[in-house]
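*Asks:* Quick one, structure for this:
(one chain, ligands or ions: 2)
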Amino acid sequence: MSLLAKRWKELAEVKAELAGRDWFLATSGNLSIKVTDDPLTFLVTASGKDKRKQTDEDFLLVDASGNPVEKTQLKPSAETLLHVEIYKRTNAGCSLHVHTVDNNVISELYGDDGEVVFSHQEIIKAFGIWEEDAAIRIPIIRNYAHIPTLAQEFAKHVNGDAGAVLIRNHGITVWGKDAFEAKKFLEAWEFLFSYHVKLLLLKGAKAFA
Ligand SMILES: CSCCC(=O)C(=O)COP(=O)(O)O
Ligand SMILES: [Zn+2]
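*Replies:* Ligands and ions are numbered 1, 2, ... in the order given. Sure thing, here's the model as predicted:
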């Protein structure tokens, strides 16, 4: 199997798993996986598709500027520039972006603070942090409609081979060294968001009881 075919299969498998979680509502979300380093090429989801469906046109290969490597009818994700920033600045091998109700609610609740911090959660170990009182933070940036501006703002928070950024009332972008790691981080973040939203709701309900 060629490297391209191998990477395609890996990304297709992650896409199917995230689809199984219903994390691609209303054509939202985009995914990418690095194929070569020099020159940089990566597979990215085609724009505007229902990512819950599996087809031969789910991904296309793009270059370091996010442009298709070969002539194609497909359009790379509208947010390809964010994936470009990750591969240009780090050694990450995979980047995943999803919109969920929980990540949107958290981004709005803490958007004015520019970040949200979680602590005292066993799942933080999924990020490779094993201390007793571990805390983990995720930056929250404004959702600029102009994608080059969004990518510029996003890039300020891309400074490691693994990381995550919340875009306010939009979604989360997570990256890691490979598809396995990126998916693990994404699931851990979504666990933290979902837990936090439910806890706040139940605390509110309890206060009125
Ligand atoms: C309907 S969601 C708006 C676009 C978006 O934020 C997204 O994640 C999907 O865009 P793409 O071009 O990657 O399909
Ligand atoms: Zn999006």
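
*Asks:* low-confidence ranges in the chain?
*Replies:* Counting by pLDDT under 70, the chain shows no low-confidence range.

*Asks:* what about the longest helix in the protein?
*Replies:* helix 179-208 (DSSP state H).

*Asks:* And that one, what's buried?
*Replies:* 179, 181-194, 196-197 (16 or more other Cβ atoms under 10 Å). For every residue, glycine as well, the C-beta is placed using N, CA and C.

*Asks:* chain center to it, what's the gap?
*Replies:* Chain-centre distance of helix 179-208: 16 Å, with Cα atoms, centre = their mean, to the nearest Å.

*Asks:* Could you do stretch 60-78 as well?
*Replies:* Going by Cα atoms, centre = their mean, where stretch 60-78 is centred and where its chain is centred differ by 19 Å.

*Asks:* and what of stretch 148-168?
*Replies:* Taking mean C-alpha positions (Cα atoms, centre = their mean), stretch 148-168 and its chain are 10 Å apart.

*Asks:* Residue 65 - that's part of a helix, no?
*Replies:* No: membership of residue 65 in a helix is not supported by DSSP: H, G, I helix; E, B strand; the rest coil, which gives coil.

*Asks:* What ranges does this protein have for its strands?
*Replies:* 30-36, 41-45, 59-62, 94-98, 115-119, 135-141, 163-167, 171-176 (DSSP state E).

*Asks:* Which of those strands sits closest to residue 11?
*Replies:* Closest to residue 11 of the strands of the chain is strand 30-36 (Cβ to Cβ; 4.4 Å).

*Asks:* thinking again about what came up before, does anything pack onto the longest helix of the chain? Which helices or strands?
*Replies:* helix 3-20, strand 94-98, helix 101-110, strand 163-167, strand 171-176 (3 or more Cβ pairs under 8 Å, 6 or more residues apart in numbering; DSSP states H and E).
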